[in-house]
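model this:
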Amino acid sequence: MKKYFSFFTLIIIFITCIFMYVFSPETYSFNLNLFYLIIFILSSVVFFWYKKKINYFDFDTIFVLAYFFAFFSYPVFIHPFEAGRFFIFNYPFNEDTINKSTVLALLGIVSFFLGSMSRKTSGIQIPQISISKNNIPLYVGILFLIIFNMMKVIFPPYNIYAGEGTADPSAAGGIRGYFNLLSFIIIICAICFQFRYNIISKNKIYRNIFFLFLLAIFFFLNLKFGDRSLVLEFILIIFAYISIACGGFNLKKFIVIAFLGLTALNVLLIIRQATIAFSFNILDMALDLIIVNRNTFLAVDYVNKNGVFFIPFLGALLAGIPFLSSLVFRGFNINPLHTTSSIYFSYLTFGQNMDFGVGTNIIASLYLSLGLLGVIFGMFCLGAMVAYLMNKFYTMSYYGSFAYLILISNSVYLVRSEYFWFMRNLILGLIIYCLLLSSHYFFKIKKHNGDI
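Below is the predicted model of the structure:
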């Protein structure tokens, strides 16, 4: 009875949101946006009540929290009182789109909830099986660390390798982009194999000094020279495993961890821009998430005037296969400024002379290319996929666990990314993970037969 009540409550909210979207007033209304926020909170409470979570440190909780800051904080807490608090909102945008943008985001999260509720959920079920340790990812990880340091010698202007100090989108790709991606996936494989072994065999992870030393070195190199957001992604992965080992984190523990996480975001921002002072204001701490909401306003305004623009979505979709997007765009002579929504929103803001990128967000990217139906079905499918992979993670499935780790590592930044941005990590990651797993069993069989 409880499940039916929760499901039909969200269905009623979903239908109500459709009507609110269609008949949304053009002039900004604080009371209306506050009402949208209340509906968002009510929907979240119904969703988590339905799920009866034992472990709150999962994709759902982190994603919903990040979603709140990205889409509901500016219309309710910032725009009515201090619209120019964050620099990006000083650039022009159509304020009459705020109402429709907020209810569009509300439709997206309710669709996500419904998609997640369409899959059955299971609790933490650690399999009682014998398992052998796989150190291959550790050795490969060491190789990548060596290559990482050699890059500083091969490419003396290391800031170019790291993609810093430039507005050119290609500077974040090429050698740096694919090397960081491979490093990221290899270390995730090492974490996945090591934690899975320790949890199932009930060994203490802190006893694996060599593994922890490798992680510490990798964290230091990324904080010092590379992509600092990778550190946050790895922390999310590690805490996901720790939560399993501890039998789950309750809501109080998650709130403490979330506050520490927001503090970490603020610290990373200060590291990137030394002129910014540290602040315990929760809105300042979530700056990286809040500023992307301007792109929702741009997307709604563009679609209202010109209709959907599919090419940026195609770019994000093709990015899942290395080099395919560049081959397609060059083959069909597509304007580079149209290849992703993040570049296109920067183009709409600055023209061709872009000083920096304004980014994108998951709702804006879907709406720009696929309209309202794209937001609804895209978020529904995301919710269903997350629920399916979460069940696989809780039962320590090999491939399902790895895929879920890719998702939870993006649970914070997915709200400010292209919809299919994580697919590149997921597809390439599963291929590498399969090769490492196969090589582990190959050497295990060879050793058992006495061949090595």
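
all helices of the stretch 201-350 of the chain, in order?
209-224, 229-245, 251-272, 282-285, 287-290, 293-306, 311-318, 324-331, 341-350 (DSSP state H, counting those that start in this stretch).

which element is Gln125 on?
For Gln125, there is no host helix or strand (DSSP states H and E).

not counting its neighbours along the chain, what's nearest it?
Distances taken as C-beta to C-beta, 6 or more residues apart in numbering place Thr395 nearest to Gln125, at 5.0 Å, with adjacent residues excluded. C-betas here are computed from N, CA, C, even on glycine.

and the one you found, how far from Cys189?
19 Å (C-beta to C-beta, to the nearest Å).

more crowded one of the two?
Neighbour totals were compared for Thr395 and Cys189, and Cys189 leads with 24 against 15 (other C-beta atoms under 10 Å).

any buried residues in stretch 78-93, and which?
Buried residues in stretch 78-93, counted by 16 or more other C-beta atoms under 10 Å: 78-79, 85-86, 88-89, 93.

which residues does Tyr394 contact?
122-125, 244 (C-beta atoms under 8 Å, 6 or more residues apart in numbering).

do that again at 7 Å, thanks
122-125 (C-beta atoms under 7 Å, 6 or more residues apart in numbering).

out of these, the closest to Glu418 would be?
Set against Glu418, the nearest of the contacts of Tyr394 by C-beta to C-beta is Ser122 (30.3 Å).

quickly note the distance from Ser365 to Phe310.
Distance from Ser365 to Phe310, by C-beta to C-beta: 11 Å.

ditto for Ile244
Ile244 is 40 Å from Phe310, by C-beta to C-beta.

who has more neighbours out of these two?
Remark: of Ile244 and Phe310, Ile244 carries more neighbours, 22 against 15, as counted by other C-beta under 10 Å.

pLDDT at the more buried one, what is it?
Note for Ile244: predicted pLDDT of 86.

can I get stretch 115-129 in CSV, CA atoms only?
Extracted as CSV, the C-alpha positions of stretch 115-129 are listed here (Å, rounded to 0.1, in the frame of the first residue of the first chain):
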residue,chain,number,x,y,z
GLY,A,115,12.4,5.9,-13.3
SER,A,116,14.2,4.8,-10.2
MET,A,117,11.0,3.5,-8.6
SER,A,118,10.3,1.4,-11.8
ARG,A,119,13.1,-0.9,-10.7
LYS,A,120,13.0,-3.1,-7.6
THR,A,121,15.5,-2.2,-4.9
SER,A,122,17.6,-4.6,-2.9
GLY,A,123,19.6,-4.2,0.3
ILE,A,124,23.3,-4.8,0.9
GLN,A,125,23.9,-8.4,0.2
ILE,A,126,27.6,-9.4,0.5
PRO,A,127,28.2,-12.7,-1.3
GLN,A,128,29.7,-15.5,0.7
ILE,A,129,32.2,-16.7,-1.8
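
hmm, who's touching it?
Counting by C-beta under 7 Å, 6+ apart, 7, 50-51, 54-55, 60, 199-200, 244, 247-248, 379-384, 386-388, 391, 394-396 sit against stretch 115-129.

residues of that stretch that come out buried?
Neighbour-count burial for stretch 115-129 [16+ other C-beta under 10 Å]: 115-117, 119, 121, 124.
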